[in-house]
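**Q** Got a sequence here, can you model it:
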Amino acid sequence: MAEVAPDEWITFLLWVALWLVLAAGSAGAAVRRQLVRCIVSVQGRRIHI
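**A** As a prediction, this is how the structure comes out:
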């Protein structure tokens, strides 16, 4: 239960990074895929109790 807050911070920071990559354009397509994969893994770990 105490680890929910750090996971939410990590997810928030990953979303910020994802937004920055989207703003940068299609040049960061590979990086964007990595960020999405990280976000999905973090959210999945949080949901999977």
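
**Q** count of residues packed around W15?
**A** Residues near W15, counting by other CB atoms under 10 Å, number 12. Heads up, the C-betas are built off the backbone N, CA and C, glycines and all.

**Q** element containing it?
**A** Assessed by DSSP states H and E, W15 sits inside helix 4-24.

**Q** could you say what helices and strands that helix packs with?
**A** Judged by 3 or more CB pairs under 8 Å, 6 or more residues apart in numbering; DSSP states H and E, helix 4-24 is in contact with helix 29-47.

**Q** For the helix it packs on, output the C-alpha coordinates as CSV.
**A** In CSV, the C-alpha atoms belonging to helix 29-47 read as follows (Å, rounded to 0.1, in the frame of the first residue of the first chain):
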residue,chain,number,x,y,z
ALA,A,29,9.0,7.0,-32.5
ALA,A,30,11.2,4.3,-31.0
VAL,A,31,11.6,6.2,-27.7
ARG,A,32,7.8,6.7,-27.6
ARG,A,33,7.3,3.0,-27.9
GLN,A,34,9.7,2.4,-25.0
LEU,A,35,7.9,4.9,-22.9
VAL,A,36,4.5,3.4,-23.6
ARG,A,37,5.9,-0.1,-22.7
CYS,A,38,7.3,1.3,-19.4
ILE,A,39,4.0,3.0,-18.6
VAL,A,40,2.0,-0.1,-19.3
SER,A,41,4.3,-2.2,-17.1
VAL,A,42,4.1,0.3,-14.2
GLN,A,43,0.3,0.5,-14.4
GLY,A,44,0.0,-3.2,-14.7
ARG,A,45,2.1,-3.8,-11.7
ARG,A,46,0.0,-1.3,-9.7
ILE,A,47,-3.3,-2.8,-10.8
